[in-house]
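Q: Sequence first, then the predicted structure:
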Amino acid sequence: MKRVLAVVAGTVAGLAALLSYKSGPVRRANPLALGATPAQPGVTPGPAQPVTTAPPAAGGSGSQGQGSGGGGQPAPPAPPTTAAPSAAGGSQVVTGPDVPNQYGDVQVQLTLQGGKIIDVTPLQMPVDRSRSAYISQVAGPMLRTEVIQAQSANIDIISGATYTSQSYAQSVQAALDQARH
Amino acid sequence: MGMAVSIDIRDEAADAGRLAAAVGEVVDWLRWVDATFSTYDEASQVRRIDRAELTVGDAAPEVAEILALGERYRIDTGGYFDVRAGGPLDPSGVVKGWSVERASELLLAAGFPDHAVNAGGDVRLRGAPAPGRRWRVGVAHPHVRDGLAAVVQMGDGAVATSGTAERGPHVVDPHTGRPALELASVTVVGASLVAADAYATAALAMGLAALPWLDRLAGQEAYVVDAAGDSWWTAGFPLADPDGS
């Protein structure tokens, strides 16, 4: 199953990062206790680390963090996957491919445990221009959240304010304003 | 309002070039939308109209389309959804769903019938995530970081969530001018993302009075988490089986 995740950031839009990844056979259901009241928080994956640097996420699964993909523009397909598993306390670290897009190269590292992604770390994010850096900061946390949450509850996508806390939105807006001047 | 849009295309065998071309087309579309409707870019048509430097008649025809949509939902929600509430013209609430609907149509036309487009937590789904499976959409919990309040399972359709965490604590009841704090988040599921987003936004502003109103909305299902953390949903809300099947 080829899965492409593109992220666009801006007032309504603007290109950020494009990467694709293979979503694998490992999809563990973490049953949500959906009750009447109060609704139970179904998932609280991993330590929700505040994200300062920006991990765009590449998903992946059990054995391979496979990725390929170009930018929304004529970016060449990504270099071949480099899967570099390393066992450490039952967890596995997988390095994704270096995926070029209009703003620079994106490469991430996944940490998996029990077949689930528990963290996404950026190895490379566009940083060379202010707008690229801004986009990295927006797209990274968003993608990281999407990947980790989606893994955790056997879900495909998230509706709601998962990455737009007010303080976050404010800093995003400040960055946007700066990027435009 | 800054926001990120993610495009998730499911295709077993698509070649990278065709995928990149389709995504590029969507990105170009969203950039045009941004340049036209941005409330932050002083050169956008919306800002120029607001300053009376440009008439709607002289603007891109999509501007009139958006304003008509805004007016329709203002009336439809008894004024709780208002693109002119609070001062300057701000059609963002309509533009977001509308532009995502168009993005989804572009992907369909490009030969990718199975996809999800997520604009700042408002989602348009089409087709299926995998053969024989329906989309599973997590509804972010307004009070629990990285937590989910519910999971929706569905095929084609839209899911919009409006919450105080997303829009800040300054969501105001346009009729009283007072902050609307009774509800923490409202999720609406329906056929159109424009409608779902407008209704979710309006319901948030209505507060607890939104519950019976949402119940009466034709063609829409809703899930609400109030400020105390209690939740409520309409009878037809497509809650997923918790076992993930």
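A: Happy to help now that I have it.

Q: close to chain A, is stretch B:22-32?
A: Yes - using C-beta under 8 Å from any C-beta of the partner chain, we find that stretch B:22-32 touches chain A at B:23, B:24, B:26, B:27, B:28, B:30, B:31. Backbone N, C-alpha and C define where each C-beta goes, glycine included.

Q: Tell me the buried residues in that stretch?
A: The neighbour-count check on stretch B:22-32 (16 or more other C-beta atoms under 10 Å in any protein chain shown) flags B:22, B:23, B:24, B:25, B:26, B:27, B:29, B:30, B:31 as buried.

Q: same question, stretch B:206-223
A: By 16+ other C-beta under 10 Å, the buried positions in stretch B:206-223 come out as B:206, B:207, B:210, B:211, B:213, B:214, B:217, B:220, B:221, B:222, B:223.

Q: The residues of stretch B:22-32 next to chain A in helices, which ones?
A: Among the residues of stretch B:22-32 next to chain A, the ones falling in helices (DSSP state H) are B:23, B:24, B:26, B:27, B:28, B:30, B:31.

Q: How about residue B:10: what's its closest non-neighbour residue?
A: Using C-beta to C-beta, 6 or more residues apart in numbering or on different chains and skipping residues adjacent in sequence, the residue nearest residue B:10 is residue B:114, 4.2 Å away.

Q: these two touch, right, that neighbour and residue B:127?
A: Yes - with contact defined as C-beta atoms under 8 Å, residue B:114 counts as touching residue B:127 (3.4 Å).

Q: between these two, what contacts are shared?
A: residue B:10 (C-beta atoms under 8 Å, 6 or more residues apart in numbering or on different chains).

Q: check which helix or strand covers residue B:139.
A: Assigned by DSSP states H and E, residue B:139 belongs to strand B:135-140.

Q: List the contacts of residue B:200.
A: Contacts for residue B:200 were tallied using C-beta under 8 Å, 6+ apart; they are B:160, B:161, B:162, B:186, B:187, B:188, B:222.

Q: which one of those residues sits closest to chain A?
A: residue B:161 (3.9 Å; C-beta to the nearest C-beta).

Q: The closest one: neighbour count?
A: Residue B:161: 31 surrounding residues under other C-beta atoms under 10 Å in any protein chain shown.

Q: That one pairs with what?
A: Beta-bridge partners recorded for residue B:161 (DSSP bridges): residue B:187.

Q: can you redo the buried residues of stretch B:22-32 as JSON lines with distance to residue B:70 and pLDDT?
A: Converted to JSON lines, those look like this (distance: C-beta to C-beta, whole Å; pLDDT from 0 to 100):
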{"residue": "B:22", "distance to residue B:70": "29", "pLDDT": "91"}
{"residue": "B:23", "distance to residue B:70": "28", "pLDDT": "88"}
{"residue": "B:24", "distance to residue B:70": "29", "pLDDT": "89"}
{"residue": "B:25", "distance to residue B:70": "26", "pLDDT": "93"}
{"residue": "B:26", "distance to residue B:70": "23", "pLDDT": "93"}
{"residue": "B:27", "distance to residue B:70": "25", "pLDDT": "88"}
{"residue": "B:29", "distance to residue B:70": "20", "pLDDT": "93"}
{"residue": "B:30", "distance to residue B:70": "19", "pLDDT": "90"}
{"residue": "B:31", "distance to residue B:70": "22", "pLDDT": "88"}
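
Q: Farthest-apart pair in those residues, please.
A: B:22 and B:31 (15.2 Å; C-beta to C-beta).

Q: on that earlier part again, now the strand holding residue B:139: how far from the chain's centre is it?
A: 14 Å (C-alpha atoms, centre = their mean, to the nearest Å).

Q: still on that earlier bit, from the contacts of residue B:200, list the buried ones, please.
A: Applying 16+ other C-beta under 10 Å to the contacts of residue B:200 flags B:160, B:161, B:162, B:186, B:187, B:188, B:222 as buried.

Q: ok, and the closest non-adjacent residue to the last one?
A: Right, the one you point to is residue B:222. Once flanking residues are discounted, residue B:222 sits nearest to residue B:214: 4.1 Å by C-beta to C-beta, 6+ apart.

Q: where does chain A dip in pLDDT?
A: In the predicted model, chain A carries pLDDT under 70 at residues A:1-89, A:92-154, A:161-181.

Q: Run through the neighbouring helices and strands of the one helix or strand residue B:7 maps to.
A: Using DSSP H and E, residue B:7 sits within strand B:3-11. Contacts defined by 3 or more C-beta pairs under 8 Å, 6 or more residues apart in numbering or on different chains; DSSP states H and E place strand B:3-11 against strand A:2-10, helix A:130-152, helix B:16-37, helix B:92-109, strand B:115-119.

Q: Taking strand B:3-11 as reference, get the angle to the third one.
A: Taking axes from the mean of the first three to the mean of the last three C-alpha atoms, to 10 degrees, one finds that helix B:16-37 is oriented at 150 degrees with respect to strand B:3-11.

Q: The helix or strand following helix B:16-37 - contacts with which helices or strands?
A: As assigned by DSSP H and E, the chain's next helix or strand after helix B:16-37 is helix B:45-50. Counting contacts by 3+ C-beta pairs under 8 Å, 6+ apart, helix B:45-50 packs against helix B:16-37, helix B:61-76.

Q: buried sites along helix B:45-50?
A: B:45, B:46, B:47, B:49, B:50.

Q: Verify the contact between the fourth one and residue B:60 for me.
A: When you say that, I think you mean residue B:49. No - using C-beta under 8 Å, residue B:49 is not in contact with residue B:60; the gap is 10.7 Å.
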